[in-house]
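> Structure for the following, please:
(chains A, B, C and D)
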There are 2 protein chains.
Amino acid sequence: MSQHRHPGAPGRAGAVPALPDLPEATVARLPEYLRALHNLADTGHETVSSEGLSAAAGVNSAKLRKDLSHLGSYGTRGVGYDVALLIEQIENVLGLTQRRAVALVGVGNLGHALAGYDGFAGRGFRIAALLDADPSRVGEEINGLVVRHVDELATVAAEESLAIGVIATPAAAAQQVADQLVAVGVTSILNFAPCVLSVPEGVDVRKVDLAIELQILSFHEHRKASLTALPATGGSALTALPGGFAATDTQEAIGT
Amino acid sequence: MSQHRHPGAPGRAGAVPALPDLPEATVARLPEYLRALHNLADTGHETVSSEGLSAAAGVNSAKLRKDLSHLGSYGTRGVGYDVALLIEQIENVLGLTQRRAVALVGVGNLGHALAGYDGFAGRGFRIAALLDADPSRVGEEINGLVVRHVDELATVAAEESLAIGVIATPAAAAQQVADQLVAVGVTSILNFAPCVLSVPEGVDVRKVDLAIELQILSFHEHRKASLTALPATGGSALTALPGGFAATDTQEAIGT
DNA sequence: CGCGATTTGTGCACGTCTTCACAAGCGCCT
DNA sequence: AGGCGCTTGTGAAGACGTGCACAAATCGCG
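Just a heads-up that it's a prediction; the model follows:
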């Protein structure tokens, strides 16, 4: 039951968690593994093989093993991974041991939905404040939180240590909000506004854009339509895929 | 003003648009370029250089040129790209010339927000139907559309050709909805439910998971905190980044 | 105690993506 | 017409990510 201590893990740092400098692609998949692991834990599984976990997470088993190997050696050959231990390790690496405070700016259509999203509390986050620039929205109560004016951001930041800012404003306001977030010390931003943010070095920005996702799907749809229009060069070109389909964020064809 | 005809473009297909088999990474960035181009067009720009466009889209200029070169040669050396022409070409490649019909399943918290999202109409999509399994939600009118029961999916599909299905249900219902979508011929799915979907070959699934995005940010936050805790080995390790930061979906540090 | 079944962890080869650096091409000015 | 500056398009090299295939390690059983 070692709380969080790699026995002889690689990576030479002092005493602290010892960040193993994970590949970015691995980091992006760890949350996926974590979710699958929680599911397994809830259904009473004590251990899981790389094969089983990879199936649950929708990835290749070799990839999963390589990903996990970057965290250290937390598996037992011939047995598999201890579910509880692995959950603990991944949460540790992702920094989810502390419940991070999230400030959500923009309480419009999307902001409302995000404020009511239960995936926050369940996955290591806590909405610390709802903010909006529109005075008519200030004071509204959503999910037990009162909307405050965005200019109170400094006050909010003083009250508690904000880790992450979520921008759910129109594109026109996003840059200004980002600047305000950065000004109060936020160094991680999740941007739902369809625009590019410029931020100083050291600040991370991730973007989620619904329209972009749809357009990527549209491309594939367009491509598939063109393919079926052709007389299928070389056998069943549709059932046996051309073989360049699956990519970064696209899952495809996981059996029956 | 050639409507859509590559002069001597590579890629040997019959007469139709001639899909050049773009790299997936390029496809993922084209929508970004498209948005930047629309902004430029709205502000009166006739042409734009790769440098200018790449700055507006938040990417490297060489990458942008290589991406665009995959579409064909639509630039003029010494001048740049014709904004209107490039918009047309990208929309053509992405299959946005036809307004694709989107079926949105799950009209809960998030579904409401998506139904009200104006990025659909503006970017080549049209919500063809709102569906939900909850009878108490059926009949509700959102944004001019009436929510129908998910079992009517076949009827909806018969009425018009559904291109894309969006799943905004709880995770528990997502797989069943996906099956239903596939059953009526949908071959592209955008999944907001935090779970892995299994679909037959030839069906594309893209996933958007808020919690995952936050957890990835959490990791970087965690890492940055650990770094500042150290006595900064080797000069200003914080202002001069370790140099392995920027990745797939993460923009970082775009100057002042 | 040894053996076989099982599963992890990883070296290696391959493919994809990114970035640099520069030749080729275009327009403008003289 | 010729030259000059600017910008595209691309070859090549390097970084990164993926997946195979197998050795090393562990458990259970006879």
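> my guess is A:Leu114 meets A:Leu190, correct?
No: using Cβ atoms under 8 Å as the test, A:Leu114 is too far from A:Leu190 to be in contact (9.4 Å). (Glycine included, C-beta is placed from N, CA and C.)
> Of these two, give the one with the bigger neighbour count.
Set A:Leu114 next to A:Leu190 and count neighbours by other Cβ atoms under 10 Å in any protein chain shown: A:Leu114 wins out with 25 against 22.
> Now list whatever residues contact both of A:Leu114 and A:Leu190.
The contact sets of A:Leu114 and A:Leu190 overlap at A:Val166, B:Leu210 (Cβ atoms under 8 Å, 6 or more residues apart in numbering or on different chains).
> The stretch 101-250 of chain A: helices as residue ranges?
Taking DSSP state H, counting those that start in this stretch as the criterion, the stretch 101-250 of chain A carries its helices at A:109-115, A:119-122, A:153-159, A:171-183, A:210-229.
> Now tabulate these in JSON lines and tack on distance to DNA strand C and mean pLDDT.
Below are the helices of the stretch 101-250 of chain A laid out as JSON lines (distance: least, Cβ to the nearest atom of the strand, whole Å; pLDDT from 0 to 100):
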{"stretch": "helix A:109-115", "distance to DNA strand C": "27", "mean pLDDT": "95"}
{"stretch": "helix A:119-122", "distance to DNA strand C": "26", "mean pLDDT": "81"}
{"stretch": "helix A:153-159", "distance to DNA strand C": "32", "mean pLDDT": "96"}
{"stretch": "helix A:171-183", "distance to DNA strand C": "22", "mean pLDDT": "98"}
{"stretch": "helix A:210-229", "distance to DNA strand C": "12", "mean pLDDT": "92"}
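> Give the burial count for A:Val177, as a bare number.
A:Val177: 26 surrounding residues under other Cβ under 10 Å.
> Oh, that last question was meant for A:Leu217, not what I typed.
A:Leu217, neighbours per other Cβ under 10 Å, totals 27.
> same check, this time on A:Glu213
21.
> Now A:His149: closest residue in space that isn't a chain neighbour?
Among residues not flanking A:His149 along the chain, A:Val138 sits closest, at 4.9 Å (Cβ to Cβ, 6 or more residues apart in numbering or on different chains).
> Next, count neighbours for that neighbour.
Neighbour count of A:Val138, defined by other Cβ under 10 Å: 18.
> contacting residues for it?
A:Val138 is in contact with A:Asp132, A:Val147, A:Arg148, A:His149, counting by Cβ under 8 Å, 6+ apart.
> Assign a three-state SS to the residue in the stretch 51-200 of chain A that DNA strand D sits nearest to, would you?
Taking Cβ to the nearest atom of the strand, DNA strand D has its nearest neighbour within the stretch 51-200 of chain A at A:Gly78, 2.6 Å off. Using DSSP: H, G, I helix; E, B strand; the rest coil, the structure places A:Gly78 in coil.
> For it, give me phi and psi.
phi 90, psi -10 (degrees, to the nearest 10).
> burial of it, as a residue count?
6.
> And for A:Ala62?
10.
> again, but for A:Ser69
For A:Ser69, the count of nearby residues is 14 (other Cβ under 10 Å).
> swap in A:Val156?
Other residues near A:Val156 come to 18 when the count uses other Cβ under 10 Å.
> quick one: it and A:Val147 touch, right?
No: the pair A:Val156 and A:Val147 does not pass the contact test of Cβ under 8 Å, sitting 11.8 Å apart.
> intersection of neighbour lists for those two?
Taking Cβ under 8 Å, 6+ apart as the contact rule, A:Val156 and A:Val147 both touch A:Leu131.
> wait, isn't A:Gly95 in contact with B:His222?
Yes: counting by Cβ under 8 Å, B:His222 is a contact partner of A:Gly95 at 2.6 Å.
> Just give me how far stretch A:134-147 sits from the chain centre.
Using Cα atoms, centre = their mean, to the nearest Å, the mean C-alpha position of stretch A:134-147 is found 26 Å from that of the whole chain.
> Can you list the buried residues in that stretch?
Across stretch A:134-147, burial judged by 16 or more other Cβ atoms under 10 Å in any protein chain shown covers A:Arg137, A:Val138, A:Ile142, A:Val147.
> Touching, A:Arg123 and A:Leu96? I think so.
Yes: A:Arg123 is within contact range of A:Leu96, at 7.5 Å (criterion: Cβ under 8 Å).
> Cool, thanks, signing off.
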